[in-house]
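Participant: here's a sequence, model it:
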Amino acid sequence: MEIAMVAIRPLLSKLGDLLAGEFTLEKHVRKGIESLITELTLMHAALHKVAKLPPEQLDEGVKIWAGNVKELSCQMEDILDAFLVRAEDDGKPATNQSRFKKLIEKTIKLFKNGRDLRRISDALVVDPRMLALYTDVTELVGIEDTRDELIKVLIGGDDWLATPVKTVSIVGFSGLGKTTLAKVVYEKIKVQFDCGAFVSVSQNPDMKKVLKDILYELDKKKYTYIHSATRDEKQLIDELNEFLKSKNGFLKSKNGFLNNKRYLVVIDDIWDENVWRLIKCAFPKNSLGSRLITTTLSEACCSSMVDIYRMKSLSDDVSRRLFYKRVFSSERGCPHELAQVSEDILKKCGGIPLAIIYVASLLASNHQTKTKDQWYALFSSIGHGLTEDHSVEEMKKILLFSYYDLPSHLKPCLLYLSIFPENYKIIRVNLIWRWIAEGLVHSEKQETSLYELGESYFNELINRNMMQPIGIDEEERVEACCVHDMVLDLIRCLSSEENFVTILDGTKRKVPNLQSKIRRLSIQNEKVDLATISMAQVRSVTFFTNGIVDQVPVNIRSFQVLRLLDLQGFTISDPGYVWNLLHLRYLRLIPGYVKELPMEIGKLQFLQTLDLRRASDIKELPSSIVRLRHLVCLSVHADIKFPSRVGDLTSLEVLDGVLVGQLSSGEFNRDIGRELGHLTNLSVLRFKWRCIDDVMDKALAESLSNLHRLQNLDICADGGQQVDLMREGWVPPPQLRRLQFQGTTCSFQRLPSWINPSLFPCLSYLEIWVEEVQPDAIRLLGMLPAIRFISMVRNTAFSRRHAVEMSVVTPDAFPLRRSAASSGIAAVPSIFPQGSMPRAKLLRLEL
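Facilitator: The predicted model follows:
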């Protein structure tokens, strides 16, 4: 139901704009649009009511009707987009009015037939929420004992350094925490080895990519470009074998002893015995002190020479502690009236960590503990539980409840993750912009930032454990995510049923129904045949292959309504035709495909995201780019010339990579400093300057004073004279969260007066260069209420290094600070009294 709602929502908005705009519409067409808006509004309300009901409670006719609503809404929106683009181009929209009239009549007829479906029982209304807290998935209650036990198997005993390479396979069914255990052990003992790698294989592996991943992880400097190299499997195995043999040699140390170079490699998620046979060929058998760890569902994937570590279910006590910690934020915080139902639920979870986590997430949602009746309702719904045969079907049923519990706006965002392969690292920023391009992030309020709204969706899915976080940055934001294989299987099934995503990976189970119109296409195998698939209705196509699909370039002309194009991992037949894809919302270019941007890029009126960071061949943006009034995110490499009137791009929220001043070609981006001041919707600005004069310096400083919505400001100086962008009179935007200055010519004489708690209530990241450090500088920084990361460097290029007398900070200083670094400053740990920096994890002081 949510998928049909997603299709209706943007259509309603655009039809309203069409009526309000200055378009010449025939009277009967206008009347038809008004009638259609009324019907769509009623249908959206009906779909919202049934969205919370489990599928088994819905009549089959309702499902069919919702599917028809979705398909017709998509078709209507595609024609409407083309109508609007051509109207702006030549002011003659009348050519499409006959198509409009027919489609409106067909749509209204369908909706009138479904009016009786509106009278369906009300569904639970769930308000959107933004959760800032994050719990590391590796910090599971009770994992310490299991971790230490496995470490003993791997490197126990005094003579382990002299033993040949040892392989330990962690075996157990899905949800027991095999990967989590392997990660914890790897992170704990990798310092005892000279090199290491943690690589996932998954169910349908690309073996060349797996072998390249291992090489890259073992030596990232040597194998920086291994993924772009052309090697077959045998060559990669030979390369890996030779590399590991070189690590197995004995080197004489400074104290005269012989040291053996050791490696630690984890091969995660092996499904096929033949895959493991191929991989293990790369590992020499006589590598003293080296260790291999594998994880797999079945012992059949292990050879006879492998030690088996069988995963066990959690004990009752550990299960209870984990459950309580997830629901009540305390291992012993369960109210007395919920104690018995907690025990009953835990018995059905059968000691499986994944089941406990998902059930706990259901009970802990919406910032409040559910009632006792709701707990028993969930207990009754789980089924027979996982205590007898650890049924996969019962586990999937628990996951389904987690899916049903999601607010309607999150379900399509979760299903969208089925586009990505198993164990794929999904970058947060890229995912959010893709959601926006696909129309999955929507707000009725124009002043709302779609990116911020999308970020709240991302955080909520993380906190509901539907996505697994990967990496935390200095501002405590999740950098990327992946999807557990059981969750991925579930959302792939749901996506297939809804015809939301079509996956081509070479397996029959995902072959699309050729009678259905494909809207989103994910190609995960080089050998798939695209010739039999109609691309006319495809809105996005994503390739996860290392080669050309079926050795034939993709015919870009076959895509008539394409919205998302990421030119990575595949070849297109006619790159010049890209500029005719009038429906594009997201375009990412890489080197080799496009040498220059033509004037025709101005025709892409719906373009929201343009990513040119890797398109190093492009040296200049054409003047027509200022016509892209819907462009929200523009990312470029730092040597690209901008046209005049960039300030016309008033919808921009993100501008990343722009160079102010002299380019490597000798030309100048002179106007960009002044034009930035017109981009008042910017929330993220990252720029570099090079060789700017006083006039450009003054214009740039004035522009920065006009950007009142900035949240992230990163400035890098690349040579030239020292300038003073942020003069003493500068008033920073109140919501600024990140402020970074880099480079010797981007330093301040002393800590500016505008760095004080009253002007920076939200600042969490600060990196700054100064020439003089006054005694109260660190004390003042300690008063910033939201600061989490500080790096202060004393610029000795313009001043002599000398000791600075520091005042001691107060005990309540830096309440949220997690890491800090200083260079050239005579600060010592004694200036931080007990109680200050209670959350600090890293403090680095360099004189």
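
Participant: list the buried residues of stretch 696-703.
Facilitator: Using 16 or more other C-beta atoms under 10 Å as the test for burial, stretch 696-703 gives Met696, Asp697, Lys698, Ala699, Leu700, Ala701, Ser703. Yep, even glycine has a C-beta here, placed from its N, CA and C like the rest.

Participant: again, but for stretch 581-598
Facilitator: Within stretch 581-598, judged by 16+ other C-beta under 10 Å, the buried ones are Leu581, Leu582, His583, Leu584, Arg585, Tyr586, Leu587, Arg588, Leu589, Ile590, Val594, Leu597.

Participant: farthest-apart pair in these, please.
Facilitator: Within those, Leu582 and Ile590 form the most distant pair, 22.1 Å apart (C-beta to C-beta).

Participant: re the thing from before, restricted to helices, list the buried residues of stretch 696-703.
Facilitator: Met696, Asp697, Lys698, Ala699, Leu700, Ala701, Ser703 (DSSP state H).

Participant: just these now: which is nearest Val265?
Facilitator: Comparing those against Val265 with C-beta to C-beta places Leu700 closest, at 49.7 Å.

Participant: which residue, other than its chain neighbours, is closest to that closest one?
Facilitator: Excluding its sequence neighbours, the residue lying closest to Leu700 (C-beta to C-beta, 6 or more residues apart in numbering) is Gly673, at 3.7 Å.

Participant: let me see the contact set for the one you found.
Facilitator: By C-beta atoms under 8 Å, 6 or more residues apart in numbering, the contact list for Gly673 reads Val660, Ile692, Met696, Asp697, Ala699, Leu700, Ser703.

Participant: run the last query once more with 7 Å
Facilitator: Taking C-beta atoms under 7 Å, 6 or more residues apart in numbering, we find Gly673 in contact with Val660, Met696, Ala699, Leu700, Ser703.

Participant: again with Leu634
Facilitator: Leu634 is in contact with Leu610, Leu652, Val654, Leu655, counting by C-beta under 7 Å, 6+ apart.

Participant: identify the bridge partners of the first one.
Facilitator: The one in question is Leu610. Note on Leu610: beta-bridge partners by DSSP bridges are Leu587, Leu634.

Participant: mind checking how far it is from Val429?
Facilitator: Leu610 sits 14 Å away from Val429, going by C-beta to C-beta, to the nearest Å.

Participant: equivalent analysis for the last one, please.
Facilitator: If you measure Leu655 against Val429 using C-beta to C-beta, the figure is 14 Å.

Participant: Ser228: neighbour count?
Facilitator: 8 (other C-beta atoms under 10 Å).

Participant: partner strands of the helix or strand harbouring Asp268, with direction?
Facilitator: Per DSSP states H and E, Asp268 falls inside strand 263-270. If you go by DSSP bridges, strand 263-270 pairs up with strand 195-200 (parallel), strand 291-296 (parallel).

Participant: dump stretch 370-377 to PDB, restricted to CA.
Facilitator: Extracted C-alpha coordinates of stretch 370-377, given in PDB (Å, rounded to 0.1, in the frame of the first residue of the first chain):
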ATOM      1  CA  LYS A 370       4.000  -0.300  25.100                       C
ATOM      2  CA  THR A 371       1.100  -1.500  27.400                       C
ATOM      3  CA  LYS A 372       1.000  -5.000  28.900                       C
ATOM      4  CA  ASP A 373      -1.800  -5.900  26.500                       C
ATOM      5  CA  GLN A 374       0.300  -4.900  23.500                       C
ATOM      6  CA  TRP A 375       3.200  -7.100  24.800                       C
ATOM      7  CA  TYR A 376       0.800 -10.100  25.100                       C
ATOM      8  CA  ALA A 377      -0.500  -9.300  21.600                       C
END
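
Participant: contacting residues for the residue most central in space within the chain?
Facilitator: Taking C-alpha atoms, centre = their mean, the centroid of the chain lies closest to Arg428, which sits 1.9 Å from it. With contacts defined as C-beta under 7 Å, 6+ apart, Arg428 is in contact with Phe458, Val478, Glu479, Ala480, Cys481.

Participant: now those residues as CSV including secondary structure and distance to Pro284?
Facilitator: Compiled in CSV, these are given as follows (DSSP: H, G, I helix; E, B strand; the rest coil; distance: C-beta to C-beta, whole Å):
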residue, secondary structure, distance to Pro284
Phe458, helix, 43
Val478, strand, 38
Glu479, strand, 35
Ala480, strand, 33
Cys481, strand, 36
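
Participant: narrow the residues you listed to those that are buried.
Facilitator: Neighbour counting by 16+ other C-beta under 10 Å classes Phe458, Val478, Ala480, Cys481 among those as buried.

Participant: I figured the first one hits Ile432, correct?
Facilitator: Yes. Contact status for Phe458 versus Ile432: in contact at 6.1 Å, counting by C-beta atoms under 7 Å.

Participant: please enumerate the shared neighbours of those two.
Facilitator: In contact with both Phe458 and Ile432: no residue, using C-beta under 7 Å, 6+ apart.

Participant: number of residues surrounding Glu191?
Facilitator: Not Glu; residue 191 is Val. Residues near Val191, counting by other C-beta under 10 Å: 8.

Participant: next one, pLDDT for it please.
Facilitator: pLDDT for Val191: 90.

Participant: from here on, count from 5
Facilitator: All set: I'll call the first residue 5, so the last point we hit is now Val195.

Participant: that one: what secondary structure?
Facilitator: helix (DSSP: H, G, I helix; E, B strand; the rest coil).

Participant: all strands of the stretch 405-554 of the chain, in order?
Facilitator: Along the stretch 405-554 of the chain, the stretches classed as strands by DSSP state E, counting those that start in this stretch are 430-431, 472-476, 482-486, 506-508, 524-527, 544-547.

Participant: cool, and the stretch 605-754 of the chain?
Facilitator: Here the stretch 605-754 of the chain has its strands, by DSSP E, counting those that start in this stretch, at 613-616, 637-640, 658-666, 672-673, 688-694, 716-721, 742-746.

Participant: show the average pLDDT along the helix or strand hosting Asn278.
Facilitator: Using DSSP H and E, Asn278 falls within helix 277-284. In this model, helix 277-284 has a mean pLDDT of 88.

Participant: same deal with stretch 580-589?
Facilitator: 85.

Participant: same thing with stretch 207-223?
Facilitator: pLDDT averaged over stretch 207-223 gives 89.

Participant: list the buried residues for it?
Facilitator: 207-210, 212-222.

Participant: in helices, which of those fall?
Facilitator: Per DSSP H, these map to helices at Lys212, Lys213, Val214, Leu215, Lys216, Asp217, Ile218, Leu219, Tyr220, Glu221, Leu222.

Participant: from those residues, pick the one nearest Ser687.
Facilitator: Of these, the one sitting nearest to Ser687 (C-beta to C-beta) turns out to be Tyr220, at 33.9 Å.
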